[in-house]
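S.K.: Let me see the structure of the following:
(one chain, ligands or ions: 1)
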Amino acid sequence: MSKTIGIIGTGAIAEAVVIGLCNKADPPTKIILSPRNKQRAEQLAERFLNVEIASDNQAVVTGSDMVFLAVRPQIVDEVLKELSFAAEQRVVSFISGTSIKQLEVLIEPSKHIVRMIPLPAIARHEGPIILSPPSQEIAELFQEMGSLVQVEQEDQLETLCAVTGLMAPYFGLLNQCVEWLTTNGIDESKAFDFVGALFDALGRTPRGSTEKDFSTVASEHATPKGFNEQAFREFSKMGWYSNVSEVLDLLSLRLAGKAGFEDGVR
Ligand SMILES: NC(=O)c1ccc[n+]([C@@H]2O[C@H](COP(=O)([O-])OP(=O)(O)OC[C@H]3O[C@@H](n4cnc5c(N)ncnc54)[C@H](OP(=O)(O)O)[C@@H]3O)[C@@H](O)[C@H]2O)c1
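M.R.: Here you go, the predicted model:
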C-alpha cells in the first residue's frame, strides 16, 4: 500500500529524493513538502502532480505516514521540538551526525526511526543509499532508486558516510584536469566533455565485477612502464592515497562529534 510521505526541509537532498521517488514505476500517492525553501518546493509541486506544499512543518507531520527529516544538523533540535509526532509514525532521518538516540527524544512517542544517507544521484536512481538499522519497509520503498547498503550498527552507517565526503573532492580532481587541458590549448567545453566521458567510464568499471578489489582494477589499468603506472607511482610517493585516509579519519571524527568544520588534518 502506497504511503503519504512528508519531508521536513526542502533542500538539495530532499529535491533529489522527491525526483527519485516520483520517477519510480510505482510512485508514492502523495508527498507533502515543508514550505521552506519556497522556490524549490514550488518547482517540485509544479513538476509532479503527487507533490504538495504544506502550510507549516506540523502540517507535514500530521498529514504523513512516514516523515523524512532533511534539515541541516545545526537546526534539528530547534525544528523538531516544535513538532508533535504520532506513536505509529515512521521517521527516516537523512541528517548526518545526529544519532538515533538524539532524535528519539525529539520525535516521541514515535519509536520507529531509521537513518538513511541518500546521495544526489538518487534522483537518477543511481549511487549507494545507506540504511541503518535494516528495514524491510524502507528497503522496499527505495529498492529501485540505487544500491541499497543496509547495516546493523549505526556507527557502520557513520563510517560509510565519511566516504560520501569525497564527492566534492572528486569533482575538484575533474575540474583540475579541465583547467590543465584548457591551459594547454584545449577548448573548455571539449575538455569538460572529454574528462566527463573518461571518468564516467571509469566509474562504471566496478559494475558487475566479480573481482571485488580495486587494487587489481588499478593494476589492470596500468600497462607496465606506461603512463598510468608512472602516475600511480608518483601520486603514491606524494602521499595522495594516505592523504585520503587522513581526511576520512577527520570526517569520521566529525561525524562522531569529536571534531568540527574548522578542524583540519594537520
Ligand atoms: N546534500 C547531500 O548530498 C546530503 C546527503 C545525505 C544527507 N544529507 C543531509 O541532509 C540534510 C539536508 O542537506 P541538504 O544538502 O539538502 O541541505 P540544504 O540544501 O541546506 O537544505 C536544508 C533545507 O532546510 C530548510 N530549512 C531551514 N530551516 C527550516 C525549518 N525551520 N523548517 C523546515 N525547513 C527548513 C532550508 O530552507 P531555506 O533554503 O529556505 O533556508 C533548506 O531548504 C543535512 O542534514 C545533511 O546532512 C545531505
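S.K.: Just give me the neighbour total for the residue in the stretch 1-150 of the chain positioned nearest to the ligand.
M.R.: When distances are taken as Cβ to the nearest ligand atom, the stretch 1-150 of the chain reaches nearest to the ligand at Gly11, 1.7 Å away. (Each C-beta comes from the backbone N, C-alpha and C, glycine too.) Other residues near Gly11 come to 15 when the count uses other Cβ atoms under 10 Å.
S.K.: Same question for Leu251.
M.R.: Neighbourhood size, Leu251 [other Cβ under 10 Å]: 20.
S.K.: cool, and Ile7?
M.R.: Around Ile7 there are 30 residues (other Cβ under 10 Å).
S.K.: could you check whether whatever helix or strand it lives in is close to the ligand?
M.R.: Assigning secondary structure by DSSP states H and E places Ile7 in strand 4-8. Yes. Interface with the ligand: strand 4-8 contributes Ile8 (Cβ under 6 Å from any ligand atom).
S.K.: what sits up against that strand?
M.R.: Residues outside strand 4-8 that contact it (Cβ atoms under 8 Å, 6 or more residues apart in numbering) are 14, 17-18, 21, 28-34, 54, 57, 60-61, 63-71, 79, 83.
S.K.: Check stretch 37-52 too.
M.R.: Here stretch 37-52 makes contact (Cβ under 8 Å, 6+ apart) with 10-11, 14-15, 18-19, 22, 27-35, 53.
S.K.: can you give me the strands in the stretch 1-150 of the chain?
M.R.: Here the stretch 1-150 of the chain has its strands, by DSSP state E, counting those that start in this stretch, at 4-8, 30-33, 51-53, 66-69, 90-93, 112-117, 128-132, 147-150.
S.K.: How about the fifth one and the ligand, touching?
M.R.: No. Using Cβ under 6 Å from any ligand atom, we find that strand 90-93 stays clear of the ligand, coming within 8.2 Å at best.
S.K.: Mind giving me the packing neighbours of that strand?
M.R.: Judged by 3 or more Cβ pairs under 8 Å, 6 or more residues apart in numbering; DSSP states H and E, strand 90-93 is in contact with strand 66-69, helix 100-106, strand 112-117, helix 136-142.
S.K.: How about the longest one?
M.R.: Contact analysis of strand 112-117 by 3+ Cβ pairs under 8 Å, 6+ apart lists strand 90-93, helix 100-106, strand 128-132, helix 136-142, helix 154-163 as its packing neighbours.
S.K.: picking that back up, which among the contacts of stretch 37-52 end up buried?
M.R.: 10, 14-15, 18-19, 22, 27-28, 30-34, 53 (16 or more other Cβ atoms under 10 Å).
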